[in-house]
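Chemist: here is a sequence together with a model predicted from it:
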Amino acid sequence: TTGSFATSISPGPVAETSQTVTFQVTNNNNALFTVQPAISSNGTLTFTPGNSGGTATITVIAIDNGGTAYGGMNTSTPQTFTITVITPIEAWRQTYFGSPANSGSGADDFDFDRDGLVNLLEYGLVLSPTGFSSAPSATVATYPEGKRLRMFLSRDPGRYDVTLEVQAGDDLVGWTTIATSALGAPFSGPGYVVGDSASPGVKTVEIRDVVNIANAPRRFLRVKVTR
């Protein structure tokens, strides 16, 4: 919401001051918004972006309710402006690397701080890309079902442009996904334990293996971030 986006609103000359003005607003990229751009009679611009980035050209025409009075000149010349919506990861890159582009120091597969974790992993796991971070690690815990590997990791529902998967396996070749978070939604799957929700803010989530250690000579957990 942007107040006073349209200013000096007038229906015309003095003889038309009793008339009211509304705004006809259209754009060339409706898919960019969940609530389309609109301008109220007091000049306030409102819109709600969707879960994608892009640019829309907005066309605005002011219309008064004068009908045929005073020559019937009721509409203004169309005016245009653009709205650019950036994705959460683009905003994150802008903050840390000075550009929203997936290139250079901000590229998904670049490890700026040389801690062994590329930018995309650090973004998805809510870690710092400019200071040393440690990846989530698997530990052993006892559950009613027996001893199993578990992993704690961080998730931000606002980072809806990545998918997080926790995977388990008997070796480092074959992996099975046991919990998934996509489009900002809470983790789900047989391995999810506790800690997640759809409410705003960073969550610390516990994921556990689905196999008891006693039933497997070797077990591994890993987390995968994609977009």
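Modeler: Ah, there it is.
Chemist: what number of residues lie near the nearest residue to Ala135 once chain neighbours are set aside?
Modeler: Among residues not flanking Ala135 along the chain, Leu117 sits closest, at 5.8 Å (Cβ to Cβ, 6 or more residues apart in numbering). Yep, even glycine has a C-beta here, placed from its N, CA and C like the rest. Residue crowding around Leu117 was assessed by other Cβ atoms under 10 Å; the count is 21.
Chemist: Leu117 in helix, strand or coil?
Modeler: The assignment at Leu117 comes out as coil when based on DSSP: H, G, I helix; E, B strand; the rest coil.
Chemist: for Ala31, same thing?
Modeler: Each residue gets one of three states, and Ala31 gets helix by three-state DSSP.
Chemist: excluding chain neighbours, what is closest to it?
Modeler: Taking Cβ to Cβ, 6+ apart as the measure, Ala31 lies nearest to Gly50, with 7.0 Å between them; neighbours along the chain are not counted.
Chemist: and the strands in the chain, which stretches?
Modeler: Secondary structure of the chain (DSSP state E): strands located at 21-27, 33-39, 45-49, 54-64, 79-85, 138-143, 146-155, 163-169, 176-181, 192-194, 203-208, 220-226.
Chemist: beta-bridge partners for Ile39, please?
Modeler: Leu45 (DSSP bridges).
Chemist: for it, give its distance to Ala135.
Modeler: As for Ile39, its distance to Ala135 is 47 Å (criterion: Cβ to Cβ, to the nearest Å).
Chemist: now swap in Thr163 and tell me
Modeler: Counting by Cβ to Cβ - Thr163 and Ala135 are separated by 17 Å.
Chemist: buried residues in the lengthiest helix in the chain?
Modeler: Selection of the longest helix in the chain by residue count, based on DSSP state H, yields helix 88-97. Of the residues in helix 88-97, those with enough neighbours to count as buried (16 or more other Cβ atoms under 10 Å) are Pro88, Ile89, Glu90, Trp92, Arg93, Tyr96, Phe97.
Chemist: of those residues, which pair is most distant in space?
Modeler: The most widely separated members of the buried residues of helix 88-97 are Pro88 and Phe97, with 14.5 Å between them, by Cβ to Cβ.
Chemist: got the buried residues for the lowest-mean-pLDDT helix or strand in the chain?
Modeler: Ranked by mean pLDDT, DSSP states H and E, the helix or strand of the chain with the weakest confidence is strand 192-194, at a mean of 90. Residues of strand 192-194 classed as buried by neighbour count (16+ other Cβ under 10 Å): Tyr192, Val193.
Chemist: quick one: strands adjacent to that strand?
Modeler: The strands beside strand 192-194 in its sheet (DSSP bridges) come out as strand 203-208 (antiparallel).
Chemist: about what we covered before: what does the least confident helix or strand of the chain contact?
Modeler: By Cβ atoms under 8 Å, 6 or more residues apart in numbering, the surrounding residues in contact with strand 192-194 are Arg150, Ala179, Pro186, Val205, Glu206, Ile207, Arg208.
Chemist: centre of the chain versus that strand, how much separation?
Modeler: Between the centre of strand 192-194 and the centre of its chain there are 23 Å (Cα atoms, centre = their mean, to the nearest Å).
Chemist: excluding sequence neighbours, find me the nearest residue to Asp196.
Modeler: Of all residues not flanking Asp196 in the chain, Pro186 sits nearest, at 4.1 Å (Cβ to Cβ, 6+ apart).
Chemist: ok, Gln19 next?
Modeler: Excluding the flanking residues, the one nearest Gln19 by Cβ to Cβ, 6+ apart is Pro11, at 3.9 Å.
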